[in-house]
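In: Take a look and give me a structure for this.
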Amino acid sequence: MLCDVKSIDLRAPLIVTANLANWLAKVLFTIMDRDAYRNCCSLVKIPRQSYEQFWSSHFVDYIDKELSYSKFFKKYLLPNHPCMFSRRFTDDWKCRKQWVTEEGKPNFQKLLQEFDETPVPVANCNAKEYNANPKQVLPFKEFIHYWKEYIQNGHSSPKGCLYLKDWHMSRDFPDHNVYVTPVFFSSDWLNEYWDTLEVDDYRFVYMGPKGSWTPFHADVFRSYSWSANICGRKKWLLYPPGQEEFLRDTHGNLTYDVTSAELRDRGLFPHSEEACQPLEIIQEAGEIIFVPSGWHHQVYNLEDTISINHNWLNGCNIDIMWQFLQNELSSVQKEINEWRNTMDSWHQHCQVIMKACSGIDYGEFASFLKIIADNRMAFLNACSSGDSSDYPRHLSETLTTLGPYHAAFDLQRVAHILECLLCNEDFKRLDHSALTLQPDTMLQQIRDTIQSTRGQHLLYQE
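Out: Sure thing, here's the model as predicted:
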C-alpha cells in the first residue's frame, strides 16, 4: 500500500553565498568531491553487488598508499566491502609509541602508570554464557598482573584466558588523545548521536593475551567497524552477509564457534556445508581492518595484542541498520504472538522487549535520525550565513572536513529512512507523543533546508 510521503530531490546543487568565500577556503578541497556526490545523490536503495567474489577468495584490498575519501567511499563503503590499511596510517599515533615496547610487546609499566586502578570490563574466553563470554569488572592493575603471570606460565592460567574488551577508554580519559580516527571513518553517526546525549559511545580498547578470542558475531545494529592493532597480531574469519544463515542450528541459533567440530553434525547444523569458506585475514601490528556491515566474524589474538575498535554508522549503511531493526522487531513479535489479542499495549511491549534485546527501539531510532539531520541542516545553513556557532566545535571540524556535498548526501539518506519509517505499519501504531519532533515535520524541515540552499556558486559550478 502506498503512503502519502512525497519524495525528496536532493540532486540540485547547494547554494553557498559569496560572503562565505573566506570561511569556505578551508573546505575547497573537501573530501567528498562533486563526482562522488552526483554518483550517489539519486540513490534510494543503495545497490550492493554480490559478495560471490569473496566466497572463494582469501584476499582483500591492502591500502598502503594515499587514498582519497571519495575513492574509499565508492569502493568500500557503498558496496560494503572489507579492506586493510597498512601501518603507515597509525605510525604517528601516541599509543603506538607509548603503549608498546621497543620489542613490539605491550608496555605494561607505561600502561600501569596511565590506568592503574581504573575499572575495566574483562571477559573469560574459556567460559560460555549464551553465545558470548561472561564478563566481570576488575581494576586495570589486577588484569595486568594476571596478564604477566599468564605469559610467565606459558600463556595459561587456572583463571582461564581473560580478555579486556569493550573498554570505553576514550570516554573515561577524554584528554588522552592517544590516537586519531582516520578520516575514512569520520562520518560516524553512531558516536555523534551518543556524544550529543553524553551518555555512551562505541569506541573501545581491547587488550588480550595470546589465545584470547571473540566468538562468532556481527556488530551492534549491523554497524561498520574498524579495528587497529596497536601491537600484536590477529586472525579474522569473516563471512559475507547471508552466509550466516547456513551456520544456524535447528533452533535458528547462530553457531558460537565457526571452527567447532559440531558444525559438521548435519543433525544439529543441517545447512553448514552450504556456507562458503570464511575470508581469513591476518592483521599485523599497526594495521587497520575495515569490517563492513553485517559481515559476521570471529577473531583470535595470535600474540599478546592491544587494539582500538570503533563501531560506526552513516548514510551508506543506515538502510542496513533499519532492516536489522525491522528484523529484530519481527522476531520479538513472533515470540510473544500468542498474547497479541490479550494486551492492549502489545505493540508497545514489543518495542520494550526489542530495546532490551538490541539496545534501541523505533522511537529512539527516530530521535537518532533527528539529531543527525539537525546537525547537517545547521551546517548547510551555516554555509549560507557564515555562522558556524550553532553546533559543537568538534562536530564543526568533522562536517567541514567532510564538506557540504557529504552533508547533502547524509540528509538524503535520513530523508529516505524517514519516508520508510512513516510508511511502516508498526511505527504508525506507536505513541508518537514522546518524540521531540514528529518524523513528518522533520522530513519537511529537511526539504525546506535543501530548497533554501539550492542555487549556483563558484565552488559547485562545472
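
In: From the contact counts, what lies against the longest helix anywhere in the chain?
Out: Ranked by number of residues, the top helix in the chain under DSSP state H is helix 362-385. Where contact means 3 or more Cβ pairs under 8 Å, 6 or more residues apart in numbering; DSSP states H and E, helix 362-385 is packed against helix 189-197, helix 318-335, helix 346-358, helix 393-402, helix 404-423, helix 425-428, helix 439-452. C-beta: built from backbone N, CA, C; applies to glycine.

In: Strands along the chain, start to end?
Out: 61-63, 83-85, 119-124, 135-139, 162-167, 203-208, 213-217, 224-231, 234-239, 279-283, 288-291, 296-301, 305-312 (DSSP state E).

In: Nearest to Ser156 among those would be which one?
Out: strand 162-167 (11.6 Å; Cβ to Cβ).

In: Quick one: mean pLDDT over the longest helix of the chain.
Out: The average pLDDT for helix 362-385 rounds to 91.

In: Can you give the distance of it from its chain's centre?
Out: 19 Å (Cα atoms, centre = their mean, to the nearest Å).

In: Could you dump the strands of the chain into TSV and include mean pLDDT, distance to Gln113 and mean neighbour count?
Out: Below are the strands of the chain laid out as TSV (pLDDT from 0 to 100; distance: least, Cβ to Cβ, whole Å; neighbours: other Cβ atoms under 10 Å):
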stretch	mean pLDDT	distance to Gln113	mean neighbour count
strand 61-63	96	34	15
strand 83-85	98	29	20
strand 119-124	98	15	20
strand 135-139	97	14	14
strand 162-167	98	17	22
strand 203-208	98	15	25
strand 213-217	97	28	19
strand 224-231	98	16	23
strand 234-239	97	26	21
strand 279-283	96	27	17
strand 288-291	98	26	23
strand 296-301	98	23	23
strand 305-312	98	15	22
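
In: Just send those back as a markdown table, with distance to Leu411 too.
Out: Converted to a markdown table, the strands of the chain look like this (distance: least, Cβ to Cβ, whole Å):
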| stretch | distance to Leu411 |
| --- | --- |
| strand 61-63 | 29 |
| strand 83-85 | 27 |
| strand 119-124 | 36 |
| strand 135-139 | 39 |
| strand 162-167 | 32 |
| strand 203-208 | 25 |
| strand 213-217 | 32 |
| strand 224-231 | 20 |
| strand 234-239 | 32 |
| strand 279-283 | 34 |
| strand 288-291 | 24 |
| strand 296-301 | 31 |
| strand 305-312 | 18 |
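
In: Relative to Ser433, which of the ones you listed is closest?
Out: Of those, nearest to Ser433 by Cβ to Cβ is strand 305-312, at 31.0 Å.

In: Can you tell me what sits against the closest one?
Out: 95, 99-100, 106, 179, 181, 185, 187-191, 202-208, 210, 212, 219-221, 223-234 (Cβ atoms under 8 Å, 6 or more residues apart in numbering).

In: residue closest to the middle of this protein?
Out: Closest to where the C-alpha atoms of the chain average out (Cα atoms, centre = their mean) is Trp312, at 2.3 Å.

In: Can you tell me, leaving aside adjacent residues, what's nearest to that one?
Out: Once flanking residues are discounted, Trp312 sits nearest to Asp188: 4.1 Å by Cβ to Cβ, 6 or more residues apart in numbering.

In: next one: Gln326
Out: Asn424 (7.5 Å).

In: For that neighbour, give me the pLDDT.
Out: On the pLDDT scale, Asn424 gets 96.

In: Mind listing what's buried along stretch 419-434?
Out: For stretch 419-434, a neighbour-count test (16 or more other Cβ atoms under 10 Å) marks Glu419, Cys420, Leu421, Leu422, Asn424, Asp426, Phe427, Leu430 as buried.

In: The residue nearest to Gln326 and Leu325, how far apart?
Out: According to Cβ to Cβ, to the nearest Å, Asn424 stands 10 Å off from Leu325.

In: Give me the common contacts of those two.
Out: With Cβ under 8 Å, 6+ apart, Asn424 and Leu325 have common neighbours Tyr362.

In: Could you list the low-pLDDT ranges of this structure?
Out: 1-45, 47, 49, 56-57, 386-394, 454-462 (pLDDT under 70).

In: What's opposite the closest residue to Lys165 other than its chain neighbours in the beta bridge?
Out: Once flanking residues are discounted, Lys165 sits nearest to Tyr206: 4.9 Å by Cβ to Cβ, 6+ apart. Judged by DSSP bridges, the bridge partners of Tyr206 are Ser307.

In: His176 contacts Arg203, doesn't it?
Out: No. The criterion here is Cβ atoms under 8 Å, and His176 misses it with Arg203 at 11.7 Å.

In: Overlap of the contact sets of the two?
Out: Met169, Ser170.

In: rewinding a little: most packed of the helices and strands packed on helix 362-385?
Out: Scoring the helices and strands packed on helix 362-385 by mean neighbour count under mean count of other Cβ atoms under 10 Å gives helix 404-423 as the most buried, with a mean of 23.

In: Asp219 and Gly160, how far apart?
Out: 25 Å.

In: Neighbour count: the two, which is higher?
Out: Asp219 (20 against 16; other Cβ atoms under 10 Å).

In: List the contacts of that one.
Out: Asp219 touches Ser225, Val291, Ser293, Asn311, counting by Cβ under 8 Å, 6+ apart.

In: rerun that using 6 Å as the cut-off
Out: Contacts for Asp219 (Cβ atoms under 6 Å, 6 or more residues apart in numbering) come out as Ser225, Asn311.

In: Now it. Its backbone dihedrals?
Out: Backbone torsions for Asp219, taken as degrees, to the nearest 10, come to phi -80, psi 160.

In: Great, nothing more from me.
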